[in-house]
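Colleague: Generate a structure from the sequence data that follows.
(2 chains)
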Amino acid sequence: MENTLKKIWKSYSIGVVVVVVGIILSLLSPRFLSIGNLLNVMTNASLVAILGLGMTLAIASGNFDLSVGSTAAFAGCISFSLVPVIGVPASIAAGLAAGALVGLINGLIITELRVPAFIATLGMLTIVRGAALIYTDGKDLYLFGQTGYKVLSGEYLFGIPTPILLAVGIALLLGFIVSQTRFGRHILAIGSNPSAAQRSGIPTNRVLWAIFSIVGATAALSGMIISSQVLTANGRLATGLELSAIAVVVLGGTALSGGQATMIGTMLGALLISMVNNGLNLLNVPIFYQELTVGVLMLGALAVNISQGFDVRRLFRRQA
Amino acid sequence: MAEENHRILLEVQEMTRRFPGVLALNNVDFDVRAGEVHALVGENGAGKSTMINILAGVLQPSGGKMLLDGNPVVFHNPADTQKAGISVIFQEFNLVPHLSVAENIFINREPTRSGMIDWQKMNLLSAEALKRLEIDIDPRVPVSSLSVAQQQLVEIARALAFDARVIVMDEPTAALSEREVDRLLEIVRSMAKENVGVIYVSHKLEEVFRVADRITILRDGAHILTDKASNLNEEKVIYAMVGRALVHGKCPDRPIGEVVLSVKNLDVEDSVRNVSFELRTGEVLGLAGLMGSGANEVVEALFGLRKAHADEIVLQGKALAIDNPRNAIHSRLGYVPNDRKKAGLLPDLSVKQNISIGILERLRKLFWIDGSREEGSAETYRGKLNVRCSSLNQRISNLSGGNQQKVMLARSLAEDCKVMLLAEPTRGVDVGAKAEIYSLIDILVDSGMAVLLQSSELPEIIRLSNRVMVFSSGQSRGELAGEELTQESVMALATRV
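Modeller: Numbers count the residues shown, from 1 in each chain, chains lettered A, B, ... in the order given. As a prediction, this is how the structure comes out:
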């Protein structure tokens, strides 16, 4: 009995927390449960969720990507600058390609230069941020009259904002990939035991390149959505977003030690952070406290993760 | 030998430890006297580790009590244990690799002079502690520069420098070569002479009989018997451990077929020179040798895990490139690594997923894995190898060592290998599963598989192999078969330099 309860708690704890926080917030503020506010919460959750979903793959493989915030800004700038030349759809594709390219470079640094992912992507965090600032010359990019770009953030389908649909779609896609495909199984195998994975004939390097390319592409998508919300792109966008991305994955229950992944958990983790931030807003708590809260949530989730056997030193180890 | 009237140092009474769903220790009585080596023996899962962890203060008992010099004691944590004069040497050492031997011996209680570490004194005392054990190690070198065997000795020196009266050793020879084992056992005997009580935990019976005064056998968490070693023999102990007798001896007669693998002049970087052999279907070729002799390196090189070169390697009539494991698997070479935990298991994945990891391409349907075919294939191999698990979806890390090892074999079989490379196939596997794995290998070979077997256990290699190549210092020293193949003849070649 005690065991079953523990199991249930382990698989659904984040869901329970989301419901409890939801109830508390609706009691504290009547505005919380309004349709408009809920859509707002979910849209904001989607931005982090999209990043987090890609990050879930990296973490499931026993890796990390700290460069996603910078990649988001970089891709937003590339995409915006190309709109006048190649139009909206092509420039969105170009943004995704730019993100995937950054991810591929991350992967290559890890496998070819044999730098641990933590360090490699920490380096890329500054490099890509620098590249974005150089590319834009530190200025803001606007889209005058190109409201077509709003397709990423402003449109509604069946009354639902596109970022939410995108997040759900990506969650379903990546969830399917992880649980049902060979590539997904390879990710989990590498995360579970890299040297055993290599000895079972898995092309570990190629799998890592693919993982980081996907992480880069999801980061790019998230960056373009943020840019499209304000119809502005610049090199300073999405600063610090990498930590939120990791936080939602960890909150969702994906083990930092690798070898397993839960996309639903990541979605709920993003929802939780978004709800908490929204609640603090509604209660007129100054915005700085939101940063603090995300940090506390992440540390709490990390502590739980570590108590379940995650070894921090693994972050600094190279791939086998 | 400890006399009956020697003082009892530590006594455990009716010790019980419950885990959810498991009774790991059930009313076990156990004691150790000053000046004796008391071996604690049992299969994996018999309760040895639980006992050690309780003694070490890592686990708390669910019932029963401990007496130290006749007074009840409770160890809430490892520090309590240490204060009581009990030192536990785990399989995984508690040494800090970058610190010197002396620093490790005196860690946390460094001798000081006016607030600063007194290096001279520390090195001197360490040298004395090492000398007491007749160990020739410079106390100033970092532990990381020592061999595994030497590190083990440093652990023992530390225990003695702590003035430990009871020393608990958990599988102390797991990573040692034959010669190092001899040395270690001598040291254990000499510790007993200094009136230390040694609890020696192992399932290598040969060692146990060489070193122990008394033997206690656990099975399934229960105390089976305690007796003087002189009143017991290996058969009796095995019978008590597994509840049945084990077959020893040589491999059965096998019809040998065509050559499947031929290797000409294999050189492996930094370890092996000029090795050639042929392997036929239905045959087990044993590669024997002490640790570092090159036997394991040959196996790893063939699977593409080492930098190596050969004039010619032909597998089933085709040249085999040995640059990575993928090639090896595609060429129908199977491999079960010597260190299952490090190089074989995917601990977070299920039994099914561990079996099918190498054949996902074959189980593909459009662009996903065909779940029912995966299930079916895994079930086939689970049945063939008699893997005992509650379901195919159980996490492999929850299986016993023997069943994990069977899954490793299943993985290679699923890949449809024609030649199997087995490295230490029964390491960390209990006696019952060992017998089972031996007969599985017999069955595989009967069905036409060719096996290259590397093992450091002589009885194992003699039991399984048709022929044995013996290695020392990176070279093959000769081949033994038939009547010539005995433990003595293998050892004679293995120790030739």
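
Colleague: Regarding the residue in the stretch 201-320 of chain A positioned nearest to chain B, what is its secondary structure?
Modeller: Distances between the stretch 201-320 of chain A and chain B by CB to the nearest CB are smallest at A:G259, namely 2.9 Å. All C-beta spots, glycine's among them, are computed from the backbone N, C-alpha and C. For A:G259, the assignment made with DSSP: H, G, I helix; E, B strand; the rest coil gives coil.

Colleague: I figured it was touching A:L188, is that so?
Modeller: Yes. Using CB atoms under 8 Å, A:G259 is in contact with A:L188, at 5.6 Å.

Colleague: Common neighbours of those two, please.
Modeller: Residues touching both A:G259 and A:L188 (CB atoms under 8 Å, 6 or more residues apart in numbering or on different chains) are A:60, B:346, B:348-349.

Colleague: distance of the most far-flung residue of chain B relative to its centre from B:F106?
Modeller: Centroid-distance maximum for chain B: B:S114 at 46.1 Å, with CA atoms, centre = their mean. Plainly put, B:S114 is 17 Å away from B:F106 if you go by CB to CB, to the nearest Å.

Colleague: and chain B, what are its domains?
Modeller: B:8-242, B:259-494 (automatic domain parsing).

Colleague: Including mean pLDDT and distance to A:Q229, could these go into a markdown table?
Modeller: Listed next are the domains of chain B as a markdown table, based on pLDDT from 0 to 100; distance: least, CB to CB, whole Å:
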| stretch | mean pLDDT | distance to A:Q229 |
| --- | --- | --- |
| domain B:8-242 | 87 | 50 |
| domain B:259-494 | 91 | 34 |
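
Colleague: Can you tell me which of those domains is nearest to A:Q180?
Modeller: domain B:259-494 (4.3 Å; CB to CB).

Colleague: Who wins on neighbours among the shared contacts of A:G259 and A:L188?
Modeller: A:A60 (28 neighbours; other CB atoms under 10 Å in any protein chain shown).

Colleague: what about the closest residue to it other than its chain neighbours, how many neighbours?
Modeller: The spatially closest residue to A:A60, leaving aside those adjacent along the chain, is A:A261, at 3.7 Å (CB to CB, 6 or more residues apart in numbering or on different chains). Counted with other CB under 10 Å, residues neighbouring A:A261 total 28.

Colleague: All the strands of the stretch 201-320 of chain A, residue numbers only.
Modeller: A:232-233 (DSSP state E, counting those that start in this stretch).

Colleague: cool, and the stretch 51-200 of chain A?
Modeller: Taking DSSP E, counting those that start in this stretch as the criterion, the stretch 51-200 of chain A contains strands spanning A:141-142, A:156-157, A:160-161.

Colleague: Could you list the paired strands of the first one along with their orientation?
Modeller: When pairs are called by DSSP bridges, strand A:141-142 turns out to pair with strand A:232-233 (antiparallel).

Colleague: which residues sit against the strand it pairs with?
Modeller: A:73, A:76-77, A:79-81, A:136, A:140-142, A:227.

Colleague: In TSV: the residues you listed, plus neighbour count.
Modeller: As requested, the contacts of strand A:232-233 are exported to TSV (neighbours: other CB atoms under 10 Å in any protein chain shown):
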residue	neighbour count
A:A73	29
A:G76	31
A:C77	27
A:S79	32
A:F80	25
A:S81	17
A:T136	21
A:D140	14
A:L141	20
A:Y142	13
A:S227	27
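
Colleague: Pull the distance from the helix or strand of chain A with the lowest mean pLDDT to the chain's centre.
Modeller: Every helix and strand of chain A was ranked by mean pLDDT, DSSP states H and E. The lowest is strand A:156-157, at a mean of 76. Mean-position distance between strand A:156-157 and its chain equals 23 Å (CA atoms, centre = their mean, to the nearest Å).

Colleague: Report the separation between B:R382 and chain A.
Modeller: 17 Å (CB to the nearest CB, to the nearest Å).

Colleague: Then B:R340?
Modeller: Counting by CB to the nearest CB - B:R340 and chain A are separated by 9 Å.

Colleague: Now A:I170. Nearest residue, chain neighbours left out?
Modeller: A:L53 (5.2 Å).

Colleague: Does the one you found touch A:G169 like I think?
Modeller: No. In this structure, A:L53 is not within contact of A:G169 by CB under 8 Å, at 10.1 Å.

Colleague: quick one, which of the two is more surrounded?
Modeller: For A:L53 versus A:G169, neighbours defined as other CB under 10 Å are more numerous around A:L53 (31 against 12).

Colleague: Which residues of the stretch 301-450 of chain B lie near chain A?
Modeller: Residues of the stretch 301-450 of chain B lying near chain A by CB under 8 Å from any CB of the partner chain: B:303, B:305, B:325-326, B:328-330, B:335, B:337, B:342-349, B:353, B:357-358, B:360-361, B:364, B:367-369, B:371, B:411, B:415.

Colleague: how about the residue in the stretch 201-350 of chain B that chain A sits nearest to, what does it touch?
Modeller: In the stretch 201-350 of chain B, no residue comes nearer to chain A than B:D348, which is 2.9 Å away by CB to the nearest CB. Applying CB under 8 Å, 6+ apart, we find B:D348 in contact with A:188, A:191-192, A:255, A:257-260, B:395, B:397.

Colleague: Dump the residues you listed into CSV; add distance to B:S49 and neighbour count as well.
Modeller: Listed next are these as CSV, based on distance: CB to CB, whole Å; neighbours: other CB atoms under 10 Å in any protein chain shown:
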residue, distance to B:S49, neighbour count
A:L188, 28, 24
A:G191, 27, 28
A:S192, 23, 27
A:A255, 24, 21
A:S257, 22, 20
A:G258, 26, 24
A:G259, 24, 23
A:Q260, 26, 20
B:R395, 19, 17
B:S397, 15, 15
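
Colleague: would you list every one of the helices in the stretch 1-150 of chain B?
Modeller: Using DSSP state H, counting those that start in this stretch, the helices of the stretch 1-150 of chain B run over B:48-55, B:78-83, B:101-105, B:119-132, B:148-161.

Colleague: Among these, which comes closest to chain A?
Modeller: Across the helices of the stretch 1-150 of chain B, closest to chain A is helix B:48-55 (CB to the nearest CB), at 16.6 Å.

Colleague: Show me what that closest one is packed up against.
Modeller: strand B:8-19, strand B:22-33, strand B:37-41, strand B:86-89, strand B:166-170, strand B:197-201 (3 or more CB pairs under 8 Å, 6 or more residues apart in numbering or on different chains; DSSP states H and E).

Colleague: What lies in contact with that helix?
Modeller: Residues from elsewhere that reach helix B:48-55, judged by CB under 8 Å, 6+ apart: B:10, B:12, B:15, B:17, B:24-25, B:28, B:30, B:40-42, B:59-61, B:66, B:75, B:81, B:86, B:88, B:90, B:168, B:170, B:199, B:201, B:218, B:221.
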